[in-house]
Every structure is written in C-alpha cells, then in structure tokens.
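S.K.: What follows is a protein structure lacking sequence information:
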C-alpha cells in the first residue's frame with residue numbers, strides 16, 4: 001500500500017497521478033486531499049478525487065472534508081499543522097488503513 005499526500009505546494013496534474021499509480025505496480029494507493037489556503041486547493045482535490053475513476057486500485061482519503069472549519073489544526077500559514085492537527089491527521093490516516101494481515105502460524109520443526 002502506498003499513502004500519498006501531494007498538492008500542498010502546487011497542483012498535481014492527472015498525468016502525475018497516473019505516473020505515480022503506475023510506479024506503484026498494482027499496489028493499493030490512497031491519495032489524501034489537501035486543506036491549504038492556496039488558490040490551487042480545489043484544483044488539487046479535483047485531480048485527486050478523479051483518480052479512482054481511472055484506477056481501481058486507488059482510493060481517496062478526504063482530509064479536506066475531515067479538517068474543514070478546523071483552523072485550530074493549522075498554523076497561521078494555513079498549510080502546516082499544529083500538534084492537534086497532526087493528531088487529527090494521523091487519526092484519519094490510521095482509520096483509513098486496512099488491518100494488518102494475521103500472523104502466519106509457526107511452521108512445524110522438521111525432523
């Protein structure tokens with residue numbers, strides 16, 4: 001699984017997302033939307049939200065919706081997180097990941 005957060009410093013293109021998915025080699029890819037007070041926020045989120053329509057091995061984790069209205073989660077620059085925001089981000093990411101696979105049973109000793 002690959003977890004990707006991009007677009008905070010500028011909008012990705014659909015071709016960038018497609019290349020990243022191709023580089024993942026069929027692994028599951030989760031894209032996190034952005035919450036950033038910049039002109040490219042909506043464009044970035046639109047590009048990320050379109051990925052599952054082109055790539056069935058992708059999904060979107062909506063940080064934008066999760067953090068909407070929570071200015072206390074962000075530093076004054078509107079991009080970097082406070083400690084509380086970091087905890088919220090980690091919680092959202094953690095809740096978006098599948099549970100780890102069950103441990104394999106120990107193998108029997110060979111005689």
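M.R.: Ah, there it is. Predicted model only: the values in this text are computed from it and were never measured. Residues are numbered from 1 along each chain as shown.

S.K.: Residue 59: how many residues sit nearby?
M.R.: The burial count assigned to residue 59 is 13, neighbours taken as other CB atoms under 10 Å. Heads up, the C-betas are built off the backbone N, CA and C, glycines and all.

S.K.: what ranges of the chain fall below the confidence cut-off?
M.R.: The model of the chain has pLDDT under 70 over residues 111.

S.K.: Centroid-nearest residue for it?
M.R.: Nearest to the centroid of the C-alpha atoms of the chain, with distances taken as CA atoms, centre = their mean, sits residue 32, at 2.7 Å.

S.K.: give me every residue that touches the nearest residue to that one once chain neighbours are set aside.
M.R.: Leaving out its chain neighbours, the residue that sits closest to residue 32 by CB to CB, 6 or more residues apart in numbering is residue 5, at 4.3 Å. Going by CB atoms under 8 Å, 6 or more residues apart in numbering, residue 5 touches 31-32, 34, 63.

S.K.: The residue nearest to the centre of the chain bridge partners, please.
M.R.: When bridges are called by DSSP bridges, residue 32 pairs up with residue 5, residue 61.

S.K.: Surely it is in contact with residue 66?
M.R.: No: using CB atoms under 8 Å, residue 32 makes no contact with residue 66, being 9.4 Å away.

S.K.: Show me the strands in this protein, by range?
M.R.: Using DSSP state E, the strands of the chain run over 2-5, 29-32, 58-61.

S.K.: If you count contacts, what does the last one end up packed against?
M.R.: Under the contact criterion of 3 or more CB pairs under 8 Å, 6 or more residues apart in numbering; DSSP states H and E, strand 58-61 touches strand 29-32, helix 41-54, helix 83-96.

S.K.: in it, what counts as buried?
M.R.: For strand 58-61, burial by neighbour count (16 or more other CB atoms under 10 Å) applies to 58, 60-61.

S.K.: Quick check: residue 13 vs residue 29, distance?
M.R.: 16 Å (CB to CB, to the nearest Å).

S.K.: now do residue 53
M.R.: For residue 53, the distance to residue 29 - CB to CB - is 14 Å.
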